[in-house]
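Q: Following is a predicted model, sequence given first.
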Amino acid sequence: MTRTDLGMPAFPDAAREAVRDGVLRANLRHATHTIRDKRARAVAELEDWDRLRAAGKAVKDHTLRHLDRYLLQLEAAVTAAGGTVHWAVDADEANRIVTELVRATGEREVVKVKSMATQEIGLNEALEAAGITAYETDLAELIVQLGHDRPSHILVPAIHRNRAEIRDIFRAEMGRWGRPAPDPLGDDPRELAEAARLHLREKFLRAKVAVCGANFMVAETGTMVVFESEGNGRMCLTLPETLISVVGIEKVVPTFRDLEIFLQTLPRSSTAERMNPYTTMWTGLGPSRGADGDGPSAFHLVLLDNGRTDTLADETGRQALRCIRCSACLNVCPVYERAGGHAYGSVYPGPIGAVLSPQLRGTDSEIDASLPYASTLCGACYDVCPVAIDIPEILVHLRERVAQGGPVTRHGIRVRIRPAHGHTAERAAMRAARLLLDRPGALRAGERLLARARRLAPRRLPGPGAAWTDTRDLPSVPAEPFRDWWTRERGTPQ
Ligand code: SF4
């Protein structure tokens, strides 16, 4: 992940700042509620949604179990179709490969299709350091790039911006990157979209190299699949001479037939559309591509690990690799709705970011150790997930890892990590709870004593516990322990 992300404060500090921003909260609330309501209606149209969800989960689980076999099959199919496959163990290697590929073309500019994988590795920054300018062509990514900002949502990276802010960004910045915004420019969505279209058109027509990701890769045919809504992706995928795809290794599916599931679940979960407007598929260079046909004459696929095989080694955490990046979990998350995406300090914000980033990056940094706690564990993310990732289960699993330490896989080697700093009180409380819960007699005596002394119970916890009661009321102690009540009412001791 990018070094910028890792320079972020821990989630509680970043979120505290964000929730004070009334405009941000209003923008997020409006956008997430609109998308979540539309998604719920789109999903309700399908009677077999539950079966589609189970099928998507099964395909992904099967693929992850046999990932080595399917990746080799994919490599063979892409190579046979005229593409070149590169393997990148981490972000640095992927950035080096892409930079060298661009340099070999002699070009100093690339156009980009929106891609989480390239954000994850900080590709734009790496290209910039090598003197190559990367132009984002997705409308929301363009807003983020022109605004010198960071994405705050998987699908709508500029969700935190309103129309007036976007107009101001276009007016101030477009001219520095290419064709300036028309003058005058209002904040009507159609005007803004037209300004972006004109600005981007000259980039599409000039670019010789494009960089993209992929939503899926089909092992049996070597086919790459990109879903998008604006048509910018198709321009990037067809007009330039060289096409470079950077894709996480978990994006492979075994057969072309498997796409039938995700073609239904992904658009409905992400943009609430029955079918996404543009689905572009290509296989290597194909018979109609290359020098004599349409499309790029060179295709490179960079298969990115960057912590994925380590994540795969964790039996509970590996389910995060099923994610198809629909962002439905963000739109229903009460924490995301208030804190916004930047607070997560990761290109993957929201519930999926809270479980994916600490696995891909490890829990050594303060921000990564804080992410598993960035949730109320309400379970709304699990309910909407089209591949049934049990995010609350992984959150609890990762909290245990942060507080207790334990075995993890790093760079393919099994190691035991130490507990993260700052969880001493939590560990002591859990140890005390275990001692007490293992001794029912002592627990009963303690409950009775607490009930008798309930008037002395503090409203706020002292010491490190004060942070917990700063924002919550301590529950009041009942006059009678539950077990005594049960025995009195039902007559059978519990
Ligand atoms: S975890 Fe599930 S709901 Fe969230 S982005 Fe991934 S696939 Fe979508």
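A: In hand now; what should we look at?
Q: Could you use CA atoms for every contact and neighbour count after this?
A: Will do.
Q: got the contact list for R460?
A: Shown here is R460, whose contacts under the criterion CA atoms under 8 Å, 6 or more residues apart in numbering are 466, 469-470, 473-474.
Q: Would you convert these into CSV that also reports neighbour count, distance to T118 and pLDDT?
A: Formatted as CSV, the entries for those read as follows, by neighbours: other CA atoms under 10 Å; distance: CA to CA, whole Å; pLDDT from 0 to 100:
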residue, neighbour count, distance to T118, pLDDT
A466, 12, 41, 81
T469, 14, 41, 81
D470, 11, 40, 80
D473, 11, 44, 81
L474, 14, 45, 84
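Q: If we only consider these, which is nearest to A207?
A: The closest of the contacts of R460 to A207 turns out to be D470 (CA to CA; 54.4 Å).
Q: Check the gap between the closest one and the ligand for me.
A: When CA to the nearest ligand atom, to the nearest Å is applied, the distance between D470 and the ligand equals 30 Å.
Q: same thing with A420?
A: A420 is 25 Å from the ligand, where distance means CA to the nearest ligand atom.
Q: which parts of the helix or strand hosting R488 are buried?
A: Mapping R488 onto the secondary structure by DSSP states H and E places it in helix 482-490. By neighbour count, with 16 or more other CA atoms under 10 Å as the criterion, the buried positions of helix 482-490 are D484.
Q: can you tell me the average pLDDT over it?
A: Helix 482-490 carries an average pLDDT of 89.
Q: Point out where the protein drops to low pLDDT.
A: For the chain, the stretches with pLDDT under 70 are 1-7, 286-293, 493-494.
Q: Around the ligand, pick out the residues from it.
A: Remark: the part of the chain in contact with the ligand comprises 323-329, 352, 384-387, 389, using CA under 6 Å from any ligand atom.
Q: same thing but 5 Å
A: Residues of the chain found near the ligand, taking CA under 5 Å from any ligand atom as the criterion, are 323-329, 352, 385.
Q: Could you export those residues as a markdown table, including secondary structure, neighbour count and distance to R257?
A: Converted to a markdown table, the residues of the chain next to the ligand look like this (DSSP: H, G, I helix; E, B strand; the rest coil; neighbours: other CA atoms under 10 Å; distance: CA to CA, whole Å):
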| residue | secondary structure | neighbour count | distance to R257 |
| --- | --- | --- | --- |
| C323 | coil | 19 | 19 |
| I324 | coil | 21 | 17 |
| R325 | coil | 18 | 20 |
| C326 | coil | 19 | 20 |
| S327 | coil | 25 | 24 |
| A328 | helix | 31 | 24 |
| C329 | helix | 27 | 26 |
| I352 | helix | 24 | 27 |
| C385 | coil | 24 | 21 |
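Q: For R16, grab the count of nearby residues.
A: Residue crowding around R16 was assessed by other CA atoms under 10 Å; the count is 13.
Q: Reduced to three states, what does it come out as?
A: For R16, the assignment made with DSSP: H, G, I helix; E, B strand; the rest coil gives helix.
Q: Enumerate every residue touching it.
A: Neighbouring residues of R16 by CA under 8 Å, 6+ apart: A339.
Q: Against C333, how distant is the nearest residue to D390 once chain neighbours are set aside?
A: Counting by CA to CA, 6 or more residues apart in numbering, Y382 is the residue found nearest to D390 once chain neighbours are left out, at 5.3 Å. According to CA to CA, to the nearest Å, Y382 and C333 sit 10 Å apart.
Q: Kindly report the same for R448.
A: With distances taken as CA to CA, R448 is found 39 Å from C333.
Q: So which residues of the stretch 1-150 of the chain form helices?
A: Across the stretch 1-150 of the chain, reading from the start of the chain, the helices by DSSP state H, counting those that start in this stretch fall at 3-6, 11-19, 22-44, 49-65, 67-80, 91-105, 116-120, 123-129, 139-146.
Q: Ok, the stretch 151-300 of the chain next?
A: Shown for the stretch 151-300 of the chain, the helices assigned by DSSP H, counting those that start in this stretch span residues 163-177, 189-206, 232-238, 259-270.
Q: Tell me which other helices or strands the third one touches.
A: In this structure, helix 232-238 makes packing contacts with strand 209-212, judged by 3 or more CA pairs under 8 Å, 6 or more residues apart in numbering; DSSP states H and E.
Q: now the strand it packs on, how far from the chain's geometric center?
A: In terms of CA atoms, centre = their mean, to the nearest Å, the centre of strand 209-212 is found 21 Å from the chain centre.
Q: what helices or strands is that strand leaning on?
A: Based on contacts counted as 3+ CA pairs under 8 Å, 6+ apart, the elements that strand 209-212 packs against are strand 109-112, helix 232-238, strand 242-248.
Q: change it to 10 Å
A: The elements that strand 209-212 packs onto, with contact taken as 3 or more CA pairs under 10 Å, 6 or more residues apart in numbering; DSSP states H and E, are helix 91-105, strand 109-112, helix 116-120, strand 133-136, helix 232-238, strand 242-248, strand 298-304.
Q: Make a markdown table out of those and add mean neighbour count.
A: Written out in a markdown table, the entries for these read as follows (neighbours: other CA atoms under 10 Å):
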| stretch | mean neighbour count |
| --- | --- |
| helix 91-105 | 18 |
| strand 109-112 | 26 |
| helix 116-120 | 21 |
| strand 133-136 | 22 |
| helix 232-238 | 22 |
| strand 242-248 | 26 |
| strand 298-304 | 23 |
